[in-house]
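Pasting the sequence and the predicted model now:
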Amino acid sequence: MAEFPSIGHVAVTVTDIDRGREWYSRLFDSKPVLDEDAGSFYHVVWALAGGSLFGIHTHPRENDQPDFSEFRTGLDHVAFAVSSRADLESWEKRLNELGITHGGIVDAPYGSGLSFRDPDNLPLEFFAPPS
């Protein structure tokens with residue numbers, strides 16, 4: 001198996017998407033590459049040096065969960081970059097070997113992901129670009 005992958009993107013939940021967009025645009029000294037209402041959430045994304053992405057999200061409902069939730073202000077999820085869907089299949093096998101519950105590989109036009117959570121319920125993901 002290859003070395004553990006690097007971080008591909010980070011997305012954090014914010015309370016005010018407009019304020020967040022302005023603040024992060026200044027911080028990164030760039031405009032977002034994506035700014036859209038995805039239906040179940042709104043997200044704004046910036047491309048960072050080295051190919052990683054950073055995004056902010058808002059969700060239409062408040063969090064009422066005592067454990068970590070991506071609906072609360074803070075971290076939404078962390079994704080680790082892999083090179084291909086075949087690499088995702090290797091990580092899916094490894095997660096199974098470790099007894100880590102996951103959601104299976106999900107393919108989308110923008111890439112493929114394999115989602116899972118840490119012991120504190122923090123959502124993590126392995127992510128491969130589209131083939």
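Everything's here; your move.

Dihedrals phi and psi, Val12?
phi -120, psi 150 (degrees, to the nearest 10).

same thing with Pro129?
Torsion angles, degrees, to the nearest 10, at Pro129: phi -70, psi 160.

Disregarding residues adjacent in the polypeptide, which is nearest to it?
Leaving aside its chain neighbours, Pro129 sits nearest to Gly111 (5.0 Å; criterion: C-beta to C-beta, 6 or more residues apart in numbering). Yep, even glycine has a C-beta here, placed from its N, CA and C like the rest.

didn't the one you found look like it was pressed against Phe126?
No - when contacts are counted by C-beta atoms under 8 Å, Gly111 is not listed as touching Phe126 (10.5 Å).

rewinding a little: tell me who's in contact with the residue nearest to Pro129.
Gly111 makes contact with Phe127, Ala128, Pro129, Pro130 under the criterion C-beta atoms under 8 Å, 6 or more residues apart in numbering.

Not counting sequence-adjacent ones, nearest residue to the last one?
Put plainly, it is Pro130. Closest to Pro130 by C-beta to C-beta, 6+ apart is Gly111, at 5.2 Å.
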